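Chemist: the sequence and its predicted three-dimensional model are supplied below.
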Amino acid sequence: MFVVILISALVLSVVLWLVQEHFGRPLRIAKIAQQQGYNTQLSATDEMPVWFRLLSGMIVLIWLGVAIVLVGAMNKAGDVGDFSLILVLLVTAAGIVVGADRFVFMVRRVRLLGAANVQRVLSQMKVPVDRQKTVDWAEKDFVVAEYAKSFFPVLVVVLVLRSFLFEPFKIPSASMVPTLLVHDFILVNKFAYGIRLPVIGTKVFSVGDPERGDVMVFYPPNDKRYFIKRVIGLPGDHIQVKENVVFINGVRMQQEQLRIDDSSFPYMMVMQENLQPKEHLMQRVSLVTPQSNYETVVPDGSYFMMGDNRDNSSDSRFWGAVPEANIVGKAEYIWMHWEGVTGLPSFSRSGVIQ
């Protein structure tokens, strides 16, 4: 729904700008010439039609609504699946305006200024006047073009960085405790496993494949939200979970108990797990739970994902393996921990994700 509203607002904004350039530009230039008493073939009026002013007000209201919805969407934990599409739409709309202004309407403005003889009028005036300032007002961008020109380079840089290099991500749940905590802010390497086109996710250049033990961001099957889990099983692996101990192709992944939190029951055990060769921290409860036992063979082109908080994680044990096409990138670095406006950001957890 939000994307539909955004597309409508962008279309209306571009239409508004086209009307301003096509009808409003001659009026503005003619008004200058007539105010200076020069007889020009261009006709001027004091203001645009009522319907045009109503349209402008409607677009302002639509953009206000879009901003409110966007803020609400950004506050939803992990609900950022449409952000790439939003960026692509904004870059496309701004690019259309910037391109049309540069290659079509700039030429037209020069021609209109020549038809109105604005330069000549100003040069004949006896009263001193800032000639360049007046001509600049005649050529001044309307609001849509002004914002498009200002934000287009920034939007392009953000789109390139976010789509092909690094994307910031906020940890929304406790499924990766103790490795990642809720409200950790991390950087996801978007090119670690290959270059993908934004929105559609098609891989255009292969760099490498996920390795066992990697912390990976992806889309689960039948879900558009980002998830973050650890790669446990590679394509073709036989995965068994027996009382919270992982077996891969019949080989037991060793776990070493580091500490126990017995402040509640069942108490939590922090473990060091060796996925051969990568080691990482994990957490499990002292009791055997339904998800403590599982068995599957990972399909070709897919990966078996599990959270480090083994008994508090929605992962491949519940919704299956993750197809290669659903991969977003490799989580590599914690750069900040911030629980919100009620507290201050902390950088004590900053570091490489193990």
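Modeler: Yep, it's here.
Chemist: please, where are all the helices along the stretch 51-200 of the chain?
Modeler: Per DSSP state H, counting those that start in this stretch, the stretch 51-200 of the chain carries helices over the ranges 83-100, 106-116, 118-124, 131-139, 143-160.
Chemist: among the helices and strands of this structure, which has the poorest mean pLDDT?
Modeler: helix 118-124 (a mean of 56; mean pLDDT, DSSP states H and E).
Chemist: what is the burial count for the closest residue to V156 other than its chain neighbours?
Modeler: Using Cβ to Cβ, 6 or more residues apart in numbering and skipping residues adjacent in sequence, the residue nearest V156 is V91, 5.9 Å away. Backbone N, C-alpha and C define where each C-beta goes, glycine included. Residues lying near V91 (other Cβ atoms under 10 Å) number 19.
Chemist: excluding its backbone neighbours, what's nearest the spatially most central residue of the chain?
Modeler: The centre of the chain sits closest to F83, judged by Cα atoms, centre = their mean, with a distance of 3.7 Å. Using Cβ to Cβ, 6+ apart and skipping residues adjacent in sequence, the residue nearest F83 is R162, 7.9 Å away.
Chemist: where are the low-confidence patches of the chain?
Modeler: 1-2, 32-57, 59-82, 114-137, 290-291 (pLDDT under 70).
Chemist: could you pick out the longest strand of the chain?
Modeler: Ordering each strand of the chain by length in residues (DSSP state E) puts strand 327-337 first.
Chemist: not counting it itself, show me its contacts.
Modeler: Applying Cβ atoms under 8 Å, 6 or more residues apart in numbering, the set of residues contacting strand 327-337 from outside is 167-169, 180-181, 183-193, 210, 214-219, 226, 228, 303, 345-353.
Chemist: rerun at 6 Å
Modeler: Residues from elsewhere that reach strand 327-337 (Cβ atoms under 6 Å, 6 or more residues apart in numbering): 183-190, 192-193, 214-218, 228, 345-347, 349-353.
Chemist: which residue packs closest to K278, ignoring adjacent ones?
Modeler: Nearest one to K278, counting by Cβ to Cβ, 6+ apart, is G213 at 3.0 Å.
Chemist: wait, V288
Modeler: E243 (5.3 Å).
Chemist: repeat for Q283
Modeler: Excluding its sequence neighbours, the residue lying closest to Q283 (Cβ to Cβ, 6+ apart) is N309, at 5.0 Å.
Chemist: now that neighbour: how far from P235?
Modeler: Separation of N309 from P235 (Cβ to Cβ, to the nearest Å): 25 Å.
Chemist: of the two, who's got more company?
Modeler: Between N309 and P235, N309 has the larger neighbour count (other Cβ under 10 Å), namely 21 against 16.
Chemist: and the more buried one, backbone torsions?
Modeler: phi -90, psi 80 (degrees, to the nearest 10).
Chemist: so what's it up against?
Modeler: A174, S175, V177, Q283.
Chemist: and those residues, which two are furthest apart?
Modeler: Farthest pair in those (Cβ to Cβ) is S175 and Q283. Separation: 10.2 Å.
Chemist: now do the same contact list for the closest residue to F152 other than its chain neighbours.
Modeler: Computed as Cβ to Cβ, 6+ apart, the closest residue to F152 that is not its neighbour in sequence is A94, at 4.1 Å. If you count contacts by Cβ under 6 Å, 6+ apart, A94 has them with A148, F152, L155.
Chemist: and if you look at F347?
Modeler: Counted by Cβ under 6 Å, 6+ apart, F347 has contacts M336.
Chemist: so it versus P210, what's the distance?
Modeler: Counting by Cβ to Cβ, the gap from F347 to P210 is 28 Å.
Chemist: go on, I195?
Modeler: Counting by Cβ to Cβ - I195 and P210 are separated by 15 Å.
Chemist: now swap in P198 and tell me
Modeler: Taking Cβ to Cβ, one finds P198 at 20 Å from P210.
Chemist: V19 now?
Modeler: With Cβ to Cβ as the criterion, V19 and P210 are 51 Å apart.
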